[in-house]
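Asker: Show me the folded form of this:
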Amino acid sequence: MISMGGIIGAGLFVGSSAAIAAAGPGILVSYVLAGLVILLVMRMLSEMAAAYPGIGSFTEYARLGLGDLAGFVSGWLYWYFWVVVVAVEAIAGASVIAGWLAGWKSIPQWQIVLGLMTALTAVNLLSTRSYGEFEFWFASVKVAAIVAFIVVGAAYLLAGAPDGAGGLANLTAHGGFLPLGPVAVLAGVTTVIFSITGAEIAIIAAAESHESARTIARLTVTILVRILLFYVLSILLILAIVPWDEITPGVSPFVTALERVGVPAAALLMNVIVLTAVLSCLNSGVYVTSRVLFTLAAQGDAPQPLVALTRRRVPARAILLGSTMGYAAVLTSVVSPSVLFAFLLNTSGAIMLIVYLIAALAEIRLRRRLESEDRARLSIRMWWYPYASWLVVGAIVAVLVAMAFTPASASQVYASLLCLAVAVAAYFVRRARRPAAARAA
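Answerer: Now for the predicted structure:
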């Protein structure tokens, strides 16, 4: 459920509208291609998780495979990415709630944001089990919503659709399956790949689980396959019910499809589901930022007080610092939405791909080491190694290059590379300030 909670979010329920409008029915191919890349990345992480259990944040595989610089950079970039995500999700949740309260009471959005972040910070401070319980129920609502949509949509098309309502003919009747050309499909990969990241959270949680890392790693991959089916099936049904050129970017295509089917209060139902998805992502963001900070501190790459645990075995200081930084990011949306907050969004735009790229290179190095030194630890193996591993590296580089040459996303790539450069510089500053004995160790 943690894997599902990390992947199924507002990117599917709302963000898919922009992807469909940009690529037409061909967006189905984009989802499949992006899903294959993420699936292979998760298989690589699963191999490393089974071989090196209990390591904490998955970004530490970069340290094992590529050295301290890679571990430092990967950890801080991943932390920064989730700090921004926490801010974005808190704002999205507050906007939904503010819309419900508009006719009753006017409450400043920042106060709603503060309330949401305080509530989920408190959940994480209670215990890791509390985080897992909340994430279980959040994910259950999202999965139930998708399954219900698939059932309703399929029933409508198979039994209740009026004559001329479209069906699978919609996939080719409005300019063809690729109305905007194959380039739009490839560009769509750069859009949708971010909506299906997040399954790696389960590998971070595995370090605190009674289940073996091998079990968690296997579950993560199999669950990802099911989620990809959810994504592809739901988008396929949307396109079969509503012609792609009638879908408005920014408006949930699920709402549009449900209204076409005739489901009453479709917008309200979807707002409830979107809010659940947002809270789920916010809950995971608070969890992830704290565990990554805790791991960095344990390696000497963050202030040592952050490794302190409460009696419930929770890194309270790391949780509070991550939440505080997330709220600081929210404040930039109030103080300077078009400059500071826009800069934060841009600098985090391609970071997840950079982190995955570092992890893929680490897997190639670690697999080579394990093959020659300790093959018994390879209880889970990357498929078609080393070809699939290098395919992942090439695919991520190709997506980054495609983003760099796409006007709408080029600024995100360059801003994220600037963020990468800052992280590298920070590593060398930290290294220079450490005592000589610590550097030698």
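Asker: CA atoms for contacts and neighbours, from now on please.
Answerer: Will do.
Asker: who's in contact with stretch 147-158?
Answerer: Surrounding stretch 147-158, the residues in contact under the criterion Cα atoms under 8 Å, 6 or more residues apart in numbering are 167, 230, 233-234, 237-238, 240-241, 258, 261.
Asker: which among those gets closest to residue 20?
Answerer: Of all the contacts of stretch 147-158, residue 238 has the smallest distance to residue 20: 9.8 Å, by Cα to Cα.
Asker: hmm, back to that, now the contacts of stretch 147-158 in JSON lines, with distance to residue 357 and neighbour count?
Answerer: Formatted as JSON lines, the entries for the contacts of stretch 147-158 read as follows, by distance: Cα to Cα, whole Å; neighbours: other Cα atoms under 10 Å:
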{"residue": "167", "distance to residue 357": "39", "neighbour count": "22"}
{"residue": "230", "distance to residue 357": "26", "neighbour count": "17"}
{"residue": "233", "distance to residue 357": "28", "neighbour count": "19"}
{"residue": "234", "distance to residue 357": "29", "neighbour count": "22"}
{"residue": "237", "distance to residue 357": "33", "neighbour count": "22"}
{"residue": "238", "distance to residue 357": "32", "neighbour count": "28"}
{"residue": "240", "distance to residue 357": "35", "neighbour count": "23"}
{"residue": "241", "distance to residue 357": "37", "neighbour count": "26"}
{"residue": "258", "distance to residue 357": "38", "neighbour count": "22"}
{"residue": "261", "distance to residue 357": "42", "neighbour count": "21"}
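Asker: Show me the shaky parts of this structure.
Answerer: Scanning the chain for pLDDT under 70 picks out the ranges 1, 3, 5-6, 103, 105, 160-166, 207, 209-221, 224, 435-441.
Asker: Return the set of buried residues in stretch 289-302.
Answerer: Counting neighbours by 16 or more other Cα atoms under 10 Å, one finds that the buried residues in stretch 289-302 are 289-299, 301-302.
Asker: Need the max-distance pair from those.
Answerer: 289 and 299 (15.6 Å).
Asker: contacting residues around residue 305?
Answerer: For residue 305, the contact set (Cα under 8 Å, 6+ apart) comprises 297, 317.
Asker: can you tell me how far it sits from residue 179?
Answerer: Relative to residue 179, residue 305 is positioned 56 Å away (criterion: Cα to Cα, to the nearest Å).
Asker: With residue 158 instead?
Answerer: Computed with Cα to Cα, the distance linking residue 158 and residue 179 is 26 Å.
Asker: okay, the two: which has more neighbours?
Answerer: Comparing residue 158 with residue 179 by other Cα atoms under 10 Å, the one with more neighbours is residue 179, at 20 against 10.
Asker: Pretty sure that one sits against residue 22.
Answerer: No. Using Cα atoms under 8 Å, residue 179 and residue 22 do not qualify as a contacting pair, with a distance of 9.8 Å.
Asker: Name the helix or strand for residue 76, please.
Answerer: Assigned by DSSP states H and E, residue 76 belongs to helix 68-101.
Asker: Extract the CA atoms of the helix or strand following that helix and return them as PDB.
Answerer: The first helix or strand that comes after helix 68-101 along the chain, using DSSP H and E, is helix 109-126. Extracted as PDB, the C-alpha positions of helix 109-126 are listed here (Å, rounded to 0.1, in the frame of the first residue of the first chain):
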ATOM      1  CA  GLN A 109      -5.200  29.300   2.400                       C
ATOM      2  CA  TRP A 110      -1.900  29.400   4.400                       C
ATOM      3  CA  GLN A 111      -3.800  28.600   7.600                       C
ATOM      4  CA  ILE A 112      -5.300  25.500   6.000                       C
ATOM      5  CA  VAL A 113      -1.800  24.500   4.800                       C
ATOM      6  CA  LEU A 114      -0.500  24.900   8.300                       C
ATOM      7  CA  GLY A 115      -3.300  22.800   9.600                       C
ATOM      8  CA  LEU A 116      -2.700  20.000   7.100                       C
ATOM      9  CA  MET A 117       1.000  19.900   7.700                       C
ATOM     10  CA  THR A 118       0.700  20.000  11.500                       C
ATOM     11  CA  ALA A 119      -1.800  17.100  11.400                       C
ATOM     12  CA  LEU A 120       0.400  14.900   9.300                       C
ATOM     13  CA  THR A 121       3.600  15.900  11.100                       C
ATOM     14  CA  ALA A 122       1.900  14.800  14.300                       C
ATOM     15  CA  VAL A 123       1.000  11.400  12.600                       C
ATOM     16  CA  ASN A 124       4.600  10.800  11.700                       C
ATOM     17  CA  LEU A 125       5.800  11.900  15.200                       C
ATOM     18  CA  LEU A 126       3.600   9.200  16.800                       C
END
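Asker: Helix 109-126 versus helix 68-101: what angle between them?
Answerer: Helix 109-126 and helix 68-101 are oriented at 130 degrees to each other (axes from the mean of the first three to the mean of the last three Cα atoms, to 10 degrees).
Asker: and the angle for the very next helix or strand once past helix 109-126 with helix 109-126?
Answerer: Proceeding N to C from helix 109-126, the next assigned helix or strand is helix 128-155, under DSSP H and E. Between helix 128-155 and helix 109-126, the angle comes out at 120 degrees (the same axes, to 10 degrees).
Asker: Burial check on residue 182, number of neighbours?
Answerer: Neighbours of residue 182 (other Cα under 10 Å): 15.
Asker: Could you list which residues are in contact with the residue nearest to it when sequence neighbours are not counted?
Answerer: Nearest in space to residue 182, with sequence neighbours left out and distances taken as Cα to Cα, 6 or more residues apart in numbering, is residue 26 at 7.9 Å. Residues touching residue 26, when contacts are defined by Cα under 8 Å, 6+ apart, comprise 177-179, 182, 185.
Asker: Let me see the backbone angles for residue 26.
Answerer: phi -60, psi -10 (degrees, to the nearest 10).
Asker: Show residues contacting stretch 121-138.
Answerer: With Cα under 8 Å, 6+ apart as the contact definition, stretch 121-138 has outside contacts at 1-2, 5, 208, 276-277, 279-280, 283-284, 286-287, 312-316, 319-320, 323.
Asker: and that stretch, how far from the chain's centre?
Answerer: In terms of Cα atoms, centre = their mean, to the nearest Å, the centre of stretch 121-138 is set 18 Å apart from its chain centre.
Asker: Pull out the buried positions in it.
Answerer: For stretch 121-138, the buried set under the neighbour-count rule, 16+ other Cα under 10 Å, comprises 121-128, 131-132, 134-138.
Asker: And stretch 98-113, by the same measure?
Answerer: 98, 109-110, 112-113.
Asker: Then stretch 418-436?
Answerer: By neighbour count, with 16+ other Cα under 10 Å as the criterion, the buried positions of stretch 418-436 are 419-420, 423-424, 426-427, 431.
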